[in-house]
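1. This is a predicted model, with the sequence first.
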Amino acid sequence: MLKMLDYFFVLRPMLFYPGWSTLLAGYLIVFKNRLYLTPSEWQSIDFDLLILLFVSFALAMGGSFLLNQLADIETDLKNKKLFIISEGHISKRAAIAEVVILLFVSIWLAYKAGMVFLITILLFIAITSYFYNFKPFKFKDRPWWSLWANMAMGFLAFCLGWLAAFQSFSWRLFADALPYLFFNTALYFYTTLPDIEGDRLANKKTLAVKFGLKALIYLAFGFYLVALVSAVMLNDRLALIILVPSLPFFLWTLVRPQVSATIRATKFGILFFAIAVCLKIPFYFILMLSGFYFTRWYFKARFQFDYPNFKGKG
């Protein structure tokens with residue numbers, strides 16, 4: 001039974017939550033100045049569409065994360081992480097079959113949701129699955145292209161929710177996305193830091209390898225400040241609920257420029273993002289909590305591994 005769960009947890013479902021939270025932030029942007037929703041606002045939410053997008057996006061993320069692991073087996077072994085694939089608990093052939101099924105179903109569900117969502121999901125899959133991992137592009141091994149790809153991932157997640165709310169494109173999308181785009185990018189800089197040594201040994205040219213710990217910490221803080229300023233200028237209280245509690249953790253990385261501090265800032269930043277969404281859609285908290293404890297149980301029972309946690313380590 002536990003071994004069968006490998007096929008689910010290899011998708012890294014805890015990473016679905018930042019994507020889901022960003023999608024929901026895009027949808028809830030019309031209520032950005034409210035702490036919670038009124039009964040009439042609650043009834044206006046198209047839950048059928050949101051659930052369809054949730055599942056389609058989760059499958060796209062899972063398939064992309066799995067492809068990334070298949071392309072990074074050597075590096076993951078050196079970094080002692082993501083061991084379900086790198087240590088052979090799932091065969092490469094089975095993983096490839098799983099990717100094909102996940103991405104096919106994701107695209108089919110997006111098609112059912114509507115053409116604009118299909119295009120957004122296809123762009124997400126193209127960037128995260130192909131351009132990010134494979135030649136001749138292989139963005140993950142090109143520092144600035146890797147940054148662009150990760151920013152695009154977060155932006156497309158926001159787009160899915162925003163387009164579900166407004167049902168048509170307008171240039172306002174780009175302004176509304178700014179606080180979330182820059183905040184997620186600040187967290188992305190932090191996520192590159194724990195893998196510096198393994199990436200260096202594998203000759204990967206990441207931003208962390210190229211510029212080092214302190215430079216990326218300052219860069220992340222700069223992006224955080226842009227997110228904060230844009231949230232104030234846009235009067236986006238939803239974004240401020242995320243950004244203000246995150247400030248002490250970002251400041252602490254400046255005081256103590258260590259990988260452990262950046263890991264903590266990332267974990268709590270993701271938590272505050274999810275909590276801000278939960279204030280408007282409370283049952284998202286149940287999904288988040290159940291996912292956290294189910295994942296902890298699995299990794300403890302299957303591998304005696306402490307994950308996920310809020311400690312200053314992965």
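-> Ah, there it is.
2. which residues of the stretch 201-314 of the chain score low on pLDDT?
-> Counting by pLDDT under 70, the stretch 201-314 of the chain shows low-confidence ranges at 202, 312-314.
3. can you check the stretch 1-150 of the chain too?
-> Per-residue confidence of the stretch 1-150 of the chain (counting by pLDDT under 70) places the weak regions at 73-82.
4. Could you rerun that using 90?
-> By pLDDT under 90, the weakly predicted segments of the stretch 1-150 of the chain are 1-3, 6, 31-44, 68-92, 129-130, 133-146.
5. ok, Tyr27 touching Cys159?
-> No. Using Cβ atoms under 8 Å, Tyr27 is not in contact with Cys159; the gap is 10.6 Å. The way it works is simple: take the backbone N, C-alpha and C, and place the C-beta from them, glycine included.
6. Skipping adjacent residues, who's closest to Leu11 in space?
-> Once flanking residues are discounted, Leu11 sits nearest to Gly62: 3.5 Å by Cβ to Cβ, 6 or more residues apart in numbering.
7. nope, Phe158 is what I was after
-> Using Cβ to Cβ, 6+ apart and skipping the chain neighbours, the partner closest in space to Phe158 is Gly26 (4.1 Å).
8. Please compute how far the helix or strand hosting that neighbour lies from its chain's middle.
-> Secondary structure assignment for Gly26, by DSSP states H and E: helix 16-27. On the basis of Cα atoms, centre = their mean, to the nearest Å, helix 16-27 sits 8 Å off its chain's mean C-alpha point.
9. Which strands or helices does that helix pack on?
-> If contacts are counted by 3 or more Cβ pairs under 8 Å, 6 or more residues apart in numbering; DSSP states H and E, helix 16-27 sits against helix 47-71, helix 143-166, helix 172-191, helix 259-278, helix 283-303.
10. could you redo the last one with a cut-off of 10 Å?
-> Using 3 or more Cβ pairs under 10 Å, 6 or more residues apart in numbering; DSSP states H and E as the contact test, the elements touching helix 16-27 are helix 47-71, helix 143-166, helix 172-191, helix 237-255, helix 259-278, helix 283-303.
11. Turn these into JSON lines, columns for mean neighbour count.
-> As requested, these are exported to JSON lines (neighbours: other Cβ atoms under 10 Å):
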{"stretch": "helix 47-71", "mean neighbour count": "20"}
{"stretch": "helix 143-166", "mean neighbour count": "21"}
{"stretch": "helix 172-191", "mean neighbour count": "22"}
{"stretch": "helix 237-255", "mean neighbour count": "19"}
{"stretch": "helix 259-278", "mean neighbour count": "21"}
{"stretch": "helix 283-303", "mean neighbour count": "15"}
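12. Any chance of CSV for those helices, columns distance to Ser86?
-> As requested, the helices and strands packed on helix 16-27 are arranged in CSV below (distance: least, Cβ to Cβ, whole Å):
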stretch, distance to Ser86
helix 47-71, 7
helix 143-166, 20
helix 172-191, 18
helix 237-255, 29
helix 259-278, 20
helix 283-303, 13
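13. in stretch 210-218, what counts as buried?
-> Leu213, Leu216, Ile217 (16 or more other Cβ atoms under 10 Å).
14. CA atoms only for it, dumped as PDB, please.
-> The C-alpha trace of stretch 210-218 is given here as PDB (Å, rounded to 0.1, in the frame of the first residue of the first chain):
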ATOM      1  CA  LYS A 210      26.800  32.000 -10.300                       C
ATOM      2  CA  PHE A 211      26.200  34.700  -7.700                       C
ATOM      3  CA  GLY A 212      26.400  33.000  -4.300                       C
ATOM      4  CA  LEU A 213      24.300  33.100  -1.200                       C
ATOM      5  CA  LYS A 214      24.500  36.800  -0.100                       C
ATOM      6  CA  ALA A 215      23.800  38.200  -3.500                       C
ATOM      7  CA  LEU A 216      20.700  36.100  -3.900                       C
ATOM      8  CA  ILE A 217      19.400  37.000  -0.500                       C
ATOM      9  CA  TYR A 218      19.700  40.700  -1.300                       C
END
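15. And Phe134, how close does it get to Asn309?
-> According to Cβ to Cβ, to the nearest Å, Phe134 and Asn309 sit 33 Å apart.
16. ditto for Ser170
-> As for Ser170, its distance to Asn309 is 41 Å (criterion: Cβ to Cβ).
17. Was I right to think the residue nearest to Phe158 contacts Phe155?
-> Yes. With contact taken as Cβ atoms under 10 Å, Gly26 and Phe155 are classed as touching, separated by 9.5 Å.
18. Appreciated, that's everything.
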